[in-house]
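In: Predicted coordinates and the sequence they were generated for:
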Amino acid sequence: MSQEFESIEEIKILLVENTEEHTRKFLELAKVNGWTVYTQQGSMDAIRWLKNNAAPDLMIIDQNASPLDGFQTTDYIQSELKINVPTLISNYNNSQMSDDDTLLDFINKPFSELSLKIIKAKLIRKQPLIKLVDKAYSLNYLRSLSDGNEEFVLTSLNLFRDSVAVKLIEIKTALFNEEYKSVRDLAHNIKPSFGTLESTHGRDLCNQLVYKATEKDISGLVEQLDQLYNTINIQLKKDIPSYTQV
């Protein structure tokens, strides 16, 4: 670990985690570094805490937090509270992460010594999550294709939602089993779905997975694709009341 990483101390972290075991483990790791950790069990508790306290140096929130999940909570904090807090989304992932993993917007559970390295790198680089207030999609192509038929547009969006959700589960399963060819084939399969919504970022991620990514890079790209899918889902629900998230 570099000396630059070692220099981070006296930081304040807001941990949003509803599992006592994970909370206890994180507090043990943070104590070694002298970090101050404020714990909240749910997303609404975290939002109330942020309204009443100075912004922490970092927020770590469970992807499956409730009633708002990690992405929705981040969106609300950015767009409604106008607070920009460096954030890591935590999820439970049985796949192994390496010490040089560069995907710093996610952190796997159970928390470990590797978690500390990811946190320190995140604080140094100050890498933000995809800003959820920016549009991650466009309906121009669908509306042009349907001559403005909103029922067709909604049907197409529901197809995107359901089909990509299933394929992402298959991709994660293949990744866990180290079936990298299957991951590439599935990414190729869903690329047109992102293209339909004019998601250049989604198409690029799929292209990287299919043609360019090394096996070491695949896990990070899959996480980014999953995050983008969730981002699009959140924005569609906000923009189109009749659209229902998975």
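Out: Received the coordinates, thanks.

In: May I have stretch 34-53 exported as CSV, CA atoms only?
Out: Extracted in CSV, the C-alpha atoms of stretch 34-53 (Å, rounded to 0.1, in the frame of the first residue of the first chain):
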residue,chain,number,x,y,z
GLY,A,34,-9.2,5.7,13.7
TRP,A,35,-12.2,6.5,11.5
THR,A,36,-15.5,7.9,12.9
VAL,A,37,-18.5,5.9,11.7
TYR,A,38,-22.1,7.0,12.0
THR,A,39,-24.5,4.1,11.4
GLN,A,40,-28.0,4.2,10.1
GLN,A,41,-30.2,1.1,9.3
GLY,A,42,-32.3,2.4,6.5
SER,A,43,-32.3,5.0,3.7
MET,A,44,-34.8,7.3,5.3
ASP,A,45,-32.8,7.3,8.5
ALA,A,46,-29.7,8.2,6.4
ILE,A,47,-31.6,11.1,4.6
ARG,A,48,-32.8,12.5,8.0
TRP,A,49,-29.2,12.2,9.4
LEU,A,50,-27.8,14.1,6.4
LYS,A,51,-30.4,16.9,6.8
ASN,A,52,-29.4,17.4,10.4
ASN,A,53,-25.6,16.9,10.3
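
In: Figure out how far that stretch is from the centre of its chain.
Out: 19 Å (Cα atoms, centre = their mean, to the nearest Å).

In: what comes up buried for it?
Out: Buried residues in stretch 34-53, counted by 16 or more other Cβ atoms under 10 Å: 35, 37, 39-43, 46-47, 49-50. The C-beta positions use only the backbone N, C-alpha and C, and glycine is treated the same way.

In: So which of these is the closest to Asn233?
Out: Nearest to Asn233 among the buried residues of stretch 34-53, counting by Cβ to Cβ, is Ser43 at 16.2 Å.

In: Could you look up the SS state of the nearest residue to Leu168 once chain neighbours are set aside?
Out: Closest residue to Leu168 apart from its sequence neighbours, by Cβ to Cβ, 6 or more residues apart in numbering: Asp226 at 5.7 Å. Three-state assignment for Asp226 (DSSP: H, G, I helix; E, B strand; the rest coil): helix.

In: Cool, thanks, talk later.
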